[in-house]
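*Asks:* okay, structure incoming, though there's no sequence with it:
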């Protein structure tokens, strides 16, 4: 049986942080996979924290069909900066050039004279 997919070369991702190796593998046309096919996706094992790729199968330079899996082993190395919550920003400053709605502002489309006559004669007759 012949596959219609084209072939790609497996990159070397050993020693890289997981997020860098994942992007390199994607650019090369392969996916990274957990060694345990019944386990969680490799992305779930590599987050949160600073995770490095310690081994890969098949080795770099091997030809695979596009989007085939490269099995990797990972190890935690400290905590990633991305897991630290950033402080909430301050409220935006009010610029005097910006318009601010006011509750007491209205448009007098009828004029004072028209309002007085409609108050005494609501039907306008």
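*Replies:* Okay, I see it. This one's a predicted model, so the numbers in the text were calculated from it and none came from an experiment. Numbers count the residues shown, from 1 in each chain.
*Asks:* need the helices for the chain, in chain order.
*Replies:* For the chain, the helices defined by DSSP state H occupy 18-28, 42-45, 112-120.
*Asks:* buried residues in the first one?
*Replies:* For helix 18-28, burial by neighbour count (16 or more other CB atoms under 10 Å) applies to 18, 21, 22, 24, 25, 28. Yep, even glycine has a C-beta here, placed from its N, CA and C like the rest.
*Asks:* residue ranges for the strands of the chain, please.
*Replies:* Assigned by DSSP state E, the strands in the chain fall at 7-9, 31-33, 51-57, 63-65, 69-76.
*Asks:* who does the first one pair up with?
*Replies:* With DSSP bridges as the criterion, the sheet partners recorded for strand 7-9 are strand 63-65 (antiparallel).
*Asks:* state the mean pLDDT of the partner strand.
*Replies:* Strand 63-65 carries an average pLDDT of 96.
*Asks:* what's in contact with it?
*Replies:* For strand 63-65, contacts defined as CB atoms under 8 Å, 6 or more residues apart in numbering pick out 3, 5, 6, 7, 8, 9, 10, 30, 58, 70.
*Asks:* what about 7 Å?
*Replies:* With CB atoms under 7 Å, 6 or more residues apart in numbering as the test, strand 63-65 has contacts from 3, 5, 7, 8, 9, 10, 30.
*Asks:* point out where this structure drops to low pLDDT.
*Replies:* By pLDDT under 70, the low-scoring segments of the chain are 1-3, 78-125.
*Asks:* number of residues surrounding residue 40?
*Replies:* 9 (other CB atoms under 10 Å).
*Asks:* the closest residue in space to it that isn't next to it in sequence: what's it in contact with?
*Replies:* Leaving aside its chain neighbours, residue 40 sits nearest to residue 34 (6.6 Å; criterion: CB to CB, 6 or more residues apart in numbering). Counting by CB under 7 Å, 6+ apart, residue 34 touches 40, 41, 42, 45.
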